[in-house]
Every structure is written in structure tokens, then in C-alpha cells.
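K.L.:
no sequence for this one, just the structure:
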DNA sequence: TGCTAATTGTGATTTTTGTCACAAGGGCTG
DNA sequence: CAGCCCTTGTGACAAAAATCACAATTAGCA
């Protein structure tokens, strides 16, 4: 049982209808993740589908030698597509999900999936829209790394960050390098170029992105 | 109405049960695509979910300047995740799907989706498994281009090709270069290396892959 | 058979990216 | 305020990949 009334759920998840919101309110379990806490790690099996009520979750793929590659953020109103996909077959996850800030999540136990799918049209519309959005997002990631050079990829990355975290990004060059799988020096140099062309200004630990 | 009896459908799509197979047999429409024919192109809207009965379909992402990047093949027993995802909202496609050989497809009109989802548990299990498999596949693609060098990517590519098309690959170096978004010369040189190390032998237009 | 187009091989060069080395500065703590 | 760690800047170099140029070979077909 969540602490969120059905009406509030519908505000956060616009695809829900009353019946579904009631069900989720009843059967879902609220949980808070603190910044830095892991929601999901590679190899983990799922017992819950996860809906993000508030906060931000960073999803990234881990390479064999511990590299990491940023994929996207989940925020208010999103759901973790992988938790829903893998759950349905008790498959294990292949990506890492980390609470970026204090994050409130509704966890829906696996045993309700059949009922939800069968009896709540709004639910499977929501599920399908979730998959679609994430698949689309992942395709744009492929575009970037397949077709673009570092300078464009960096701009795209900053833009994406700014859209979810705001224009003033608290990031070190090293963190950026990790996220886009480049090196600190390269990022530093490219940022300098962007600064010269007026697209960013920089302070220690902060990058101000100007669209 | 398809020409495939329900029992045959279950053989091809093991997640189907009798009830579902009957429904698909009744409402699905068989269609043949000739080699080179387009099943789906960027910007196209969907009226059908597509299930592959036989043949092979090549899926690739198109870049802004006409580059193409190979993602994966669909074959017997697979379904096109995108046709199902986008259909649910009549979104347009973002990838290109091309019949690689003569391909038989069952097309299920969009208006049956709600019924299928609600009344056939086997259907949504199938749908979810389809999404999961494709998402997973796309993640491995990201791994490759994010973390690996061309030599490893080429090996991975050849391995993937061999798994669906067999060990004797009718490909020119140029075609490979297009698929992995590299250049012909680079591919030629890397193939020479692989040949020297005994992992492939080459003829004109053919590459014999040795695991 | 002989010509032509497609395919492949390879050296030289350039561009892009990553790595190494080291310096400068900021900010925090003892 | 002294020391230290973290962050950033930058030059020099190395590695990976793309591009350019051109030769050699093969297959198809006129």
C-alpha cells in the first residue's frame, strides 16, 4: 500500500485511469532510495516493477573491464522498462540503475503482473509506452556513438544532462569522460573549445550550458 | 486468415497456446516479401504487428547523412518489436527493415491488439519476451560500439552474421564496412589479419568464418 | 575473347582520439 | 596558514581509424 492517493498517481502517470490507480495505490509499496543507492545492478533478479514517483535515476551500461556508459535518466512519471521486462521472465538485469538524488519509487510485486495486464488496459498501454520510449532513447544513443565524433557527442550529452538536471551542471570533466567513455583530457579540450565558441561557461565542478 | 494451421503456428512460436494460435490463424494475414523488399522504413506508420514465419529480415538504423548501421536480424519465430511498440501509439518507425531473403510474415491488424492483450495471456508474454530480447540485443550493440575497437567489433559482427546466415558469408568488404560504419580499407586490412591468424579464409565476395 | 566494372590489396598521409607527463590553482582540513 | 588532494590546462606523443591514391585481380558480359 502506497502513501499516494489514486488521484495523485494519475497526476504523475497520466496514462493511468482511476481503476488502475486504485489498484496500484492498494498493492504498490513505496520506497525511498537515497542518493547513490543502487536500484538495480547487473545480474540481479527482479521481484518488482518500479515506477518513479520523484527524484532521478541514472541508468548506465557496464563494460567488461568496469567501464561505464551513460544511457539515460528516469524521473517522475517514468518506469523502469527493464524491471518490467525482466521480471516477466525472472531474467536478470544487464544495466546499472543508481539513484542520482533522493528518489521515491513505487514497487509492484511480480505476482500482480498477470492481473494488471489482463484487467487494466491502461496498464499495458503504460507498459508499452514505457518500452517504446526507452527503446527509442536507446536508438538515439546508438546513433550518437555509431555516427558522431566526440565533439558532437559531448554537446549532445551536455544537452541531455541539462534537460533533466538543469543548465548548471555539477560535473567534473572526469565524470563526463566516464559517462561518454572518453578521457578526461579530451573532454577538457573539447569543453575549452565550447567555451571559446560561447556555448558553455565553466567553473570548478560546474558547467553552465547555454543551449 | 493465414494459410498456417494453429498447430504449425505453435511450432514456430513456442510461447503461443492453442487459443492464441487459433486467433492468429483466424485474424492474421499472410504476406510474402521478396529479397530486398522493405518491411518498414523510417517515418512509416504501422497498421500491423509483424510476425516472422520464415526467411530473414535485416534491421538497421539510418544516420542523418544516409549512413546505415546494422542492428540485428529477425528470423523464423521472431516478431518485430518496433511494429508492436509503435503501433500501439501509431508512432512512426525509426529503423529500416529489409527482407534479406524471401520472407513470410503474418500481419496482425492493429485493431486486435487490445483484445489480444486482454484475453490472451500467451500473447502478452510473447510480446514482452519479444521486447526483452530486442532490448537486450540492442544493449549488446551499444557495448560493442561504446567499448570495443574495430578489430573486435568486426569479429563480433562476423560471428553474429555466421550465426544467422551460416559460416560462408556472401559479403563484400564494402558491405561489411557499411554495416559496421567503418571504411572498406579498414575492413580489408582487419580481415587480412584475421586470415593470417586463421580465423577466416577469403574468396572474392565470400568470407568463410571459423568460429 | 576481350573489355569493363566490381572487388580487393596496400602504402602514405591525415584526422581523431587516447595516453603520458607535469604544472597550476582552488578549496578544505588539521 | 601550511599541506594536501582534487580539479583543470596543456604540450608531446602514440594509437586507432579514416582518407587518398593507385595497382592488381576477378567476374560478368558484349
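P.N.:
Yep, it's here. Note that the structure is a prediction, hence the values are computed from the model and not measured. Numbering: from 1, shown residues only, chains lettered A, B, ... in the order given.
K.L.:
could you give the angle of the longest helix anywhere in chain A to helix B:121-147?
P.N.:
Longest helix in chain A, counting residues (DSSP state H): helix A:121-147. With axes from the mean of the first three to the mean of the last three CA atoms, to 10 degrees applied, the angle from helix A:121-147 to helix B:121-147 works out at 20 degrees.
K.L.:
is DNA strand C contacted by stretch A:166-183?
P.N.:
Yes: among the residues of stretch A:166-183, A:181-183 lie within reach of DNA strand C under CB under 7 Å from any atom of the strand. In short, each C-beta sits where N, CA and C put it, glycine included.
K.L.:
so which bits of that stretch are buried?
P.N.:
Going by neighbour count (16 or more other CB atoms under 10 Å in any protein chain shown), the buried part of stretch A:166-183 is A:169, A:171, A:173, A:176-182.
K.L.:
relative to residue B:160, which of the residues you listed is nearest.
P.N.:
residue A:181 (21.6 Å; CB to CB).
K.L.:
pLDDT (mean, whole number) over stretch A:29-44?
P.N.:
Confidence for stretch A:29-44, expressed as mean pLDDT, is 91.
K.L.:
end to end on that stretch, go ahead and measure it.
P.N.:
19 Å (CA to CA, to the nearest Å).
K.L.:
ok, stretch A:197-211 next?
P.N.:
Stretch A:197-211 end-to-end distance (CA to CA) = 12 Å.
K.L.:
which residues are in contact with the helix or strand of chain A with the lowest mean pLDDT?
P.N.:
For chain A, counting by mean pLDDT, DSSP states H and E, helix A:81-87 ranks last in confidence among helices and strands (a mean of 78). Identification of contacts with helix A:81-87 by CB atoms under 8 Å, 6 or more residues apart in numbering or on different chains yields A:40, A:45-50, A:91-95, A:97, A:110, A:113, A:127, A:130-131, A:133-135, B:128, B:131-132, B:135.
K.L.:
after it comes which helix or strand?
P.N.:
Once the chain leaves helix A:81-87, the next helix or strand it forms, by DSSP states H and E, is strand A:95-99.
K.L.:
do you know how far residue A:81 is from residue A:73?
P.N.:
With distances taken as CB to CB, to the nearest Å, residue A:81 is found 13 Å from residue A:73.
K.L.:
comparing the two, which shows the higher neighbour count?
P.N.:
Higher neighbour count among residue A:81 and residue A:73: residue A:81, with 25 against 18, using other CB atoms under 10 Å in any protein chain shown.
K.L.:
what score does the spatially closest residue to that one that is not a sequence neighbour have for pLDDT?
P.N.:
Sequence neighbours aside, residue A:134 is the residue nearest to residue A:81 in space, at 4.1 Å (criterion: CB to CB, 6 or more residues apart in numbering or on different chains). The per-residue pLDDT reported for residue A:134 equals 93.
K.L.:
I'd assumed residue A:95 was in contact with residue A:134.
P.N.:
No: if you go by CB atoms under 8 Å, residue A:134 and residue A:95 don't touch, sitting 10.6 Å apart.
K.L.:
in terms of neighbours, single out the busier of these two.
P.N.:
Of the pair residue A:134 and residue A:95, residue A:134 is the one with more neighbours under other CB under 10 Å, namely 25 against 19.
K.L.:
and stretch A:183-201, anywhere near DNA strand D?
P.N.:
Yes: contact of stretch A:183-201 with DNA strand D (CB under 7 Å from any atom of the strand) involves A:184-185, A:188-189, A:191-192.
K.L.:
just the buried ones out of the contacts of helix A:81-87, please.
P.N.:
Buried by 16+ other CB under 10 Å: A:40, A:46, A:48-50, A:91, A:93-95, A:97, A:110, A:113, A:127, A:130-131, A:133-135, B:128, B:131-132, B:135, out of those.
K.L.:
quick check, the residue in chain A closest to DNA strand D?
P.N.:
Using CB to the nearest atom of the strand, the single residue of chain A nearest to DNA strand D is residue A:172, 3.3 Å away.
K.L.:
got a list of contacts for stretch A:34-50?
P.N.:
A:29, A:33, A:57, A:62, A:79-80, A:82-84, A:86-87, A:90-103, A:105-110, A:113.
K.L.:
could you check whether stretch A:118-133 is close to chain B?
P.N.:
Yes: if you take CB under 8 Å from any CB of the partner chain as the test, stretch A:118-133 does meet chain B, through A:118-119, A:121, A:124-125, A:128-129, A:131-132.
K.L.:
quick check: the two most widely separated of those residues?
P.N.:
Spanning the widest gap among the residues of stretch A:118-133 next to chain B are A:119 and A:132, at 21.9 Å by CB to CB.
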